[in-house]
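[1] Dropping a prediction and its sequence here:
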Amino acid sequence: MLQQTTVKTVENKIKKYLKKYPNFKSYKVSNLEDLLSSWSGLGYYNRAVNLFKSVNIINQTYKGKLPNDKYKLLELPGVGNYTANAVLALGFNEKAYPIDVNIRRLITRIIDFKLTDEELETILDISFKNNKNFRNFSESMMDYSSSICKKSAPLCPKCIFKNFCRSANKKFDKNVTKKIKNQRLEFYIIKKNNLLCFIKDPNFQFYKKFLHLPSSLDKKFISHTKYDEKEKVRSFNYSITNHKFKINVFILKNSYIKYKNIQWIKNNKLEKIALPTLFKKILY
């Protein structure tokens with residue numbers, strides 16, 4: 001969850017999530033839609049899909065126990081070198097060095113030289129004298145860098161490495177800003193009695209694993225839809241990664257849809273299906 005999601009956001013979800021999924025075996029009574037519903041609000045839903053695939057492998061191949069072998073971990077969907085090392089060091093307290101952005105920043109600033117993650121792992125292996133607590137070592141490096149060797153305003157006077165750090169007292173206040181992509185979008189609320197219309201093959205690139213509310217990007221759907229009136233009900237700004245959207249929401253009244261790839265969901269069932277935060281904001 002913490003990959004590309006803030007700690008505060010995860011803190012608001014983790015207790016409820018772990019109550020529903022306390023162990024790998026608890027996923028057996030669930031399906032992907034249930035998991036996506038619990039994941040709603042955390043973004044980057046492909047991580048949830050990979051988690052679901054990985055859990056199935058863990059349950060079927062490893063009898064519900066996470067393997068502590070790096071090569072077996074790397075075979076799980078969505079698990080790369082960093083995640084595998086983090087599981088080994090933080091989860092099993094075994095010899096491994098998860099190089100995250102904080103550890104990478106701390107070491108490269110001390111030596112004032114950029115290295116690959118493999119080279120950084122070698123440096124940590126040479127530096128680490130206590131061969132018993134890899135968990136504390138990794139966590140302390142991450143926490144120290146995030147609290148002292150900060151990205152834009154490092155606290156060099158307080159740093160224990162200041163006397164030999166080659167980057168001590170340098171200014172790091174130049175933020176590299178991502179190119180923002182602005183876009184205007186219309187989303188359509190189409191009701192039939194107590195049913196709400198969703199489409200199965202959306203052209204909106206985000207949330208591909210979900211049912212989608214139709215949007216102005218869905219040209220084929222729009223061409224197969226007729227309506228008497230288009231009423232604007234709300235407008236708001238919404239950001240996803242480096243995309244900024246101006247969202248306008250319309251109700252299409254007395255609509256007639258010839259498009260086949262749709263699904264009607266009862267209003268009282270909406271809370272039970274997986275809906276991204278954007279769609280919840282559109283509907284409620």
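    Received, thanks. Numbering: from 1, shown residues only.
[2] And stretch 38-47, end to end?
    From its first residue to its last, stretch 38-47 covers 13 Å (CA to CA, to the nearest Å).
[3] now the strands for the protein?
    For the chain, the strands defined by DSSP state E occupy 181-189, 191-192, 195-199, 225-226, 229-240, 243-253, 256-257, 262-266.
[4] Compare those and give me the one nearest residue 43.
    strand 229-240 (7.3 Å; CB to CB). All C-beta spots, glycine's among them, are computed from the backbone N, C-alpha and C.
[5] Report the buried residues of the worst-scoring helix or strand of the chain on mean pLDDT.
    None of the helices or strands of the chain scores lower by mean pLDDT, DSSP states H and E than helix 32-39, at a mean of 86. For helix 32-39, burial by neighbour count (16 or more other CB atoms under 10 Å) applies to 32, 34-39.
[6] Among the residues you listed, which pair sits farthest apart?
    32 and 38 (10.8 Å).
[7] Give me the contact list for the biggest helix by length in the chain.
    Assignment by DSSP state H gives helix 46-61 as the longest helix of the chain. Under the contact criterion CB atoms under 8 Å, 6 or more residues apart in numbering, helix 46-61 has outside partners 1, 3-4, 24-25, 27-28, 32, 35-36, 39, 42, 64-67, 75-79, 209.
[8] out of those residues, which are buried?
    1, 24, 27, 32, 35-36, 39, 42, 66-67, 76, 79.
[9] how about the nearest residue to residue 197, chain neighbours excluded?
    residue 190 (3.9 Å; CB to CB, 6 or more residues apart in numbering).
[10] how near is the one you found to residue 148?
    Distance from residue 190 to residue 148, counting by CB to CB, to the nearest Å: 54 Å.
[11] And residue 234, by the same measure?
    As judged by CB to CB, residue 234 and residue 148 stand 44 Å apart.
[12] For the stretch 1-150 of the chain, give me the ranges with low pLDDT.
    4, 130-131 (pLDDT under 70).
[13] Please enumerate the helices of it.
    If DSSP state H, counting those that start in this stretch is used as the criterion, the helices of the stretch 1-150 of the chain fall at 7-20, 32-39, 46-61, 70-74, 81-86, 92, 101-111, 117-127, 134-147.
[14] can you pull the buried residues of the fifth one?
    Burial within helix 81-86, assessed by neighbour count using 16+ other CB under 10 Å, is assigned to 81, 84-86.
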